[in-house]
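Student: just to be clear, the model below is a prediction. Sequence and coordinates:
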Amino acid sequence: MSGALAKPVMRGMLAKRLRFHLIAAFSLAIGIAATFKFAVAEPRKKAYAEFYKKYDVAKEFEAMREAGVFVSARPTGK
């Protein structure tokens, strides 16, 4: 076998691969974070805001009191 194999390039290989993988990981993380923010977090914030626009705390308390949820606040009939 007289065919000479080329020596692998080892000098600077870690730095070169690390630079590539850090850039790729950072880009992927930013992309996933942005996707999560706009696909999940923003619609959730809008849904909560819409819910609390119509939510009446006093009405909900009265409904729970009449259902007998509270020990200290008896239903009005008792």
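Tutor: Here it is on my side, so go on. Numbers count the residues shown, from 1 in each chain.

Student: so how far is residue 25 from the residue most central in space within the chain?
Tutor: Relative to the mean C-alpha position of the chain, the nearest C-alpha, by Cα atoms, centre = their mean, is the one of residue 36, at 5.9 Å. Between residue 36 and residue 25 the distance is 16 Å, computed by Cβ to Cβ, to the nearest Å. Placement of C-beta: from N, CA and C, glycine included.

Student: any idea which helix or strand in the protein has the lowest mean pLDDT?
Tutor: Taking mean pLDDT, DSSP states H and E as the measure, the helix or strand of the chain with the lowest value is helix 57-67, at a mean of 93.

Student: show residues contacting that helix.
Tutor: Helix 57-67 is contacted by residues 70, 73, 74, 75, 76 when judged by Cβ atoms under 8 Å, 6 or more residues apart in numbering.

Student: ok, 7 Å please
Tutor: By Cβ atoms under 7 Å, 6 or more residues apart in numbering, the list of residues contacting helix 57-67 from outside reads 70, 73, 75, 76.

Student: would you agree the third one is in contact with residue 68?
Tutor: By that I understand residue 75. Yes: here residue 75 reaches residue 68: they are 6.0 Å apart, a contact under Cβ atoms under 7 Å.

Student: circling back to that earlier point, can you tell me how far the residue nearest to the centre of the chain is from residue 30?
Tutor: 11 Å.

Student: and what of residue 23?
Tutor: Computed with Cβ to Cβ, the distance linking residue 23 and residue 30 is 11 Å.

Student: repeat for residue 66
Tutor: Taking Cβ to Cβ as the measure, residue 66 falls 51 Å from residue 30.

Student: name the helix or strand for residue 71, please.
Tutor: In this assignment (DSSP states H and E), residue 71 forms part of neither any helix nor any strand.

Student: err, residue 52, not the other one
Tutor: Applying DSSP H and E as the criterion places residue 52 in helix 42-54.
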